[in-house]
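Novice: okay, predicted coordinates and the sequence, questions at the end:
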Amino acid sequence: MSLQGGDACFRLLGEAIQYQVDSHKKDAIVVPLWTPGHYVVCTVLKEIREWLDVHPREVVILSFSHFLGLSQELHMLLLTTIRNVFISKLCPHTEAVSLRNLWALGHQVIVSYEHITANYHSDLWPHIPYWWANKCKAEALIEEFEHRKQHGRPGGLFVTGIDLTEDLKYICSHPTESLKDLVMSTYPTLLGWVQEQTPGSKAASLNIIAGDFITESRLLPTVVALNEKLMKWSS
C-alpha cells in the first residue's frame, strides 16, 4: 500500500471487506488490497493513521464495500475498530467538504460505507458511486465516459475510474503483457483526456478520479492541477 504523492490533497482508498476464520481458529475481518495476501483491517487502518499523523494536511477517503460474510455484529465490530483508530479525525457526513474546512476541524478521514448501516451513523458517508468503463483500450474508456457525461454526473461525491480492464480476448492476444504494461502504455492518452476535464458541480464535471499505478505516472499532479480551474473561476 502506498500513499506517496502530494502534501495537501484528497486521496481515495477502496477496500473490499470479507470475514474468515484464520488458521488459529480465531475470527478475523480481512481486507484484500492491491498487494498479494490479506491484511487484518486494524493493521491497515493503523498504518493509514500513522501516515496521517505526519501528514496533517492530507485527507483520505476510505471506501468500504463488497462486504463478504459480515453479520450485523461484525459490521459493528468493524465500525468500532474504525472509530478507535481514527477518533476525532473522522469527518461527519454533515460537514462541508473542503480542505480548508477539514483542516480547521482536524478531520482527515471520510468513511464511505456501502451498507444500510451507514444510514444510522453520522460519521459514515453513503456509498460513493464509481464510474467503471470495463474497457481494455483508452479510446473506448474515454468514449464511454463522454457518453455518461452527456447524461449528467451523480449528486455529491463520485469516482471516475480510468483503470483499464483486461478481458479474455486481450489476455490471449497479449500473453506476455502485464496489466501494468497495459496501463503505463495508455497513460499518455488517458492523462491527455483528464487534463481537458472540468471539476465542480456542473452536469459534465468530474469529481474524484482514480487510476492504477498512480505513483509511477503523472496522474496525481494532473488531477491536482484541475483545481486551478476552480481557483480561477472563484477569483
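Specialist: Alright, I've got the coordinates.
Novice: low-confidence regions, this structure specifically.
Specialist: 1-39, 233-235 (pLDDT under 70).
Novice: so where do the helices sit in it?
Specialist: Secondary structure of the chain (DSSP state H): helices located at 41-53, 72-86, 99-105, 138-150, 168-173, 179-195, 219-234.
Novice: tell me what the last one is packed against?
Specialist: I take that to be helix 219-234. With contacts defined as 3 or more C-beta pairs under 8 Å, 6 or more residues apart in numbering; DSSP states H and E, the secondary structure elements packing on helix 219-234 are helix 179-195. C-beta: built from backbone N, CA, C; applies to glycine.
Novice: can you spell out which helices and strands pack onto the helix it packs on?
Specialist: helix 138-150, helix 219-234.
Novice: what's in contact with it?
Specialist: Helix 179-195 is touched from outside by 136-139, 141-142, 162-164, 166, 170, 174, 209, 211-213, 216-219, 222-223, 225-226, with contacts defined as C-beta atoms under 8 Å, 6 or more residues apart in numbering.
Novice: now do that helix against helix 138-150, angle only.
Specialist: In this structure, helix 179-195 runs at an angle of 40 degrees to helix 138-150, with axes from the mean of the first three to the mean of the last three C-alpha atoms, to 10 degrees as the basis.
Novice: now the angle between helix 219-234 and helix 179-195, please.
Specialist: Here helix 179-195 points in a direction 10 degrees away from that of helix 219-234 (the same axes, to 10 degrees).
Novice: output helix 179-195 as PDB, nothing but the C-alphas.
Specialist: As requested, the backbone C-alpha atoms of helix 179-195 are provided in PDB (Å, rounded to 0.1, in the frame of the first residue of the first chain):
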ATOM      1  CA  LEU A 179      -1.700  -5.100 -16.500                       C
ATOM      2  CA  LYS A 180       0.900  -2.600 -15.600                       C
ATOM      3  CA  ASP A 181       2.300  -2.700 -19.200                       C
ATOM      4  CA  LEU A 182      -1.200  -2.000 -20.500                       C
ATOM      5  CA  VAL A 183      -1.800   0.800 -18.100                       C
ATOM      6  CA  MET A 184       1.500   2.600 -18.500                       C
ATOM      7  CA  SER A 185       1.300   2.400 -22.300                       C
ATOM      8  CA  THR A 186      -2.100   4.100 -22.300                       C
ATOM      9  CA  TYR A 187      -1.500   6.700 -19.600                       C
ATOM     10  CA  PRO A 188      -0.400   9.400 -22.100                       C
ATOM     11  CA  THR A 189      -3.800   9.200 -23.800                       C
ATOM     12  CA  LEU A 190      -5.700   9.000 -20.600                       C
ATOM     13  CA  LEU A 191      -3.900  11.900 -18.900                       C
ATOM     14  CA  GLY A 192      -4.500  14.000 -22.000                       C
ATOM     15  CA  TRP A 193      -8.200  13.400 -21.500                       C
ATOM     16  CA  VAL A 194      -8.000  14.100 -17.800                       C
ATOM     17  CA  GLN A 195      -6.300  17.500 -18.500                       C
END
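Novice: buried ones in it?
Specialist: In terms of neighbour count (16 or more other C-beta atoms under 10 Å), helix 179-195 has its buried residues at 182-183, 186-187, 190-191, 194.
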